[in-house]
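Student: pasting a predicted model and its sequence here:
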Amino acid sequence: MNVMRPIRNVDDLAQAGLIDAGEALSLEAVAERYAIALTPAMAKLIDRSDPADPIARQFVPDVAELVVLPEERADPIGDHAHSPVEGIVHRYPDRVLLKAVHVCPVYCRFCFRREMVGPQGLGTLDAATLDAAFAYIRDHREIWEVILTGGDPLVLSPRRLEEMLSVLADIEHVKIVRFHTRVPVVDPLKIDGALIAALKVSGKTIYVALHANHPRELTAKARAACARLVDAGIVLVSQSVLLKGVNDDPDVLAALMKAFVETRIKPYYLHHPDLAPGTSHFRLTIAEGQKIVAALRGRISGLCQPTYILDIPGGHGKADIGRNAVHEIREGCYSISDYRGGEHIYPPAE
Ligand SMILES: *Cc1c(COP(=O)(O)O)cnc(C)c1O
Ligand code: SF4
């Protein structure tokens with residue numbers, strides 16, 4: 001078994017011992033619809049003796065993906081409704097998404113943009129389209145932050161990243177550049193001196209939002225890659241998706257958040273899974289999610305608390321869906337629930 005080669009199709013999965021021959025045939029139908037990829041680092045992390053391995057569940061295709069529910073949609077968070085020019089999503093006044101690439105080093109089976117990413121996806125913006133996207137950012141002085149996402153922007157070469165960032169460096173009103181990526185975890189050796197040098201732009205503050213969902217993903221190599229970024233002055237925050245069979249357990253989630261904080265990554269968002277096609281086997285109810293998230297409050301440090309978020313279908317943006325601890329009883333008088341579920345009147349009656 002050669003685990004040093006990226007896995008890109010059903011044959012590779014079978015050769016790596018991640019699926020058995022009987023599964024291969026039925027998974028071809030999944031492969032026709034949705035891209036497959038695992039990096040050597042992730043293939044190595046999978047425990048082949050565990051049929052419910054949480055790493056495998058994230059990356060190894062499943063026939064359940066062929067089940068599409070009526071409420072699921074190709075563009076679950078409504079990117080399209082807010083795209084003024086190709087590659088840009090401008091939903092909130094002060095920040096835009098710049099989707100320059102639609103390729104990832106791994107393809108997550110629950111991906112919210114699964115209809116847009118992969119070899120058959122929207123590809124990489126050509127030079128003219130990218131110029132038009134930058135012109136849009138330049139022309140809109142209210143844009144304070146540019147979020148490079150996709151796809152995974154860190155699949156680009158350091159040279160390409162440097163070119164893009166040097167354009168942003170010249171746009172004065174842009175102060176923050178944020179990358180959404182999985183690379184430090186799934187391909188940690190890619191975070192080398194050349195890449196880090198490319199990410200540093202004079203006059204801009206760089207944030208990296210790292211996507212990881214299970215504490216085992218934060219291997220020693222992944223933690224070292226994150227440390228290189230933080231040591232270079234880049235601020236790291238986390239993004240995770242709450243996924244059935246991966247991290248829908250307060251103990252697992254607590255271990256994940258603690259691993260982030262130990263790695264100098266501030267937990268940022270815990271996303272409720274989006275209504276992407278063929279992903280219902282990953283979704284739990286919001287009430288179940290709230291219960292898991294509420295259990296974190298008493299269990300781990302405040303530094304470890306993420307915000308539980310739903311991207312409202314149709315392009316209405318993100319909403320904080322953590323359990324609301326405050327209820328107004330009458331004007332100026334509230335009932336507040338603590339992490340154990342106890343109720344307290346605020347202000348207290350003497
Ligand atoms: C999620 C998202 C953002 C970023 O939102 P934050 O709350 O700032 O992390 C920006 N624009 C769009 C279109 C988004 O979907
Ligand atoms: S890395 Fe992000 S964009 Fe790429 S497949 Fe995973 S969730 Fe989708």
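Tutor: Everything's here; your move. Ligands and ions are numbered 1, 2, ... in the order given.

Student: ok, and what's touching the helix or strand containing Tyr334?
Tutor: According to DSSP states H and E, Tyr334 maps onto strand 333-337. Residues outside strand 333-337 that contact it (Cβ atoms under 8 Å, 6 or more residues apart in numbering): Arg323, Ala325, Val326, His327, Glu328, Ile329, Glu343, His344, Ile345, Tyr346, Pro347. Every residue, glycine included, has its C-beta placed from N, CA and C.

Student: now Ile329: how far from Val106?
Tutor: Distance of Ile329 to Val106, given as Cβ to Cβ, to the nearest Å: 49 Å.

Student: so which of those two has more stuff around it?
Tutor: Using other Cβ atoms under 10 Å as the criterion, Ile329 and Val106 rank with Val106 on top: 25 against 10.

Student: contacting residues for the residue nearest to that one when sequence neighbours are not counted?
Tutor: Residue nearest to Val106 in three dimensions, not counting chain neighbours: Val186, with 4.9 Å by Cβ to Cβ, 6 or more residues apart in numbering. Neighbouring residues of Val186 by Cβ under 8 Å, 6+ apart: Thr39, Ala41, Met42, Pro105, Val106, Glu217.

Student: return only those of those residues found close to ligand 1.
Tutor: Among the contacts of Val186, no residue is within reach of ligand 1 (Cβ under 6 Å from any ligand atom).

Student: out of these, which sit inside helices?
Tutor: Among these, DSSP state H puts Ala41, Met42 in helices.

Student: farthest pair in the contacts of Val186?
Tutor: Pro105 and Glu217 (13.0 Å; Cβ to Cβ).

Student: which one of the two has more residues nearby?
Tutor: For Pro105 versus Glu217, neighbours defined as other Cβ under 10 Å are more numerous around Glu217 (23 against 20).

Student: sorry, back to before: sheet partners, orientation included, of the next helix or strand after the strand holding Tyr334?
Tutor: Using DSSP H and E, the helix or strand that follows strand 333-337 in sequence is strand 343-346. Partners of strand 343-346 in the sheet, by DSSP bridges, are strand 333-337 (antiparallel).

Student: could you list the buried residues of the partner strand?
Tutor: For strand 333-337, burial by neighbour count (16 or more other Cβ atoms under 10 Å) applies to no residue.

Student: sorry, back to before: which one of the contacts of Val186 is nearest ligand 2?
Tutor: Nearest to ligand 2 among the contacts of Val186: Val106, at 6.1 Å, using Cβ to the nearest ligand atom.
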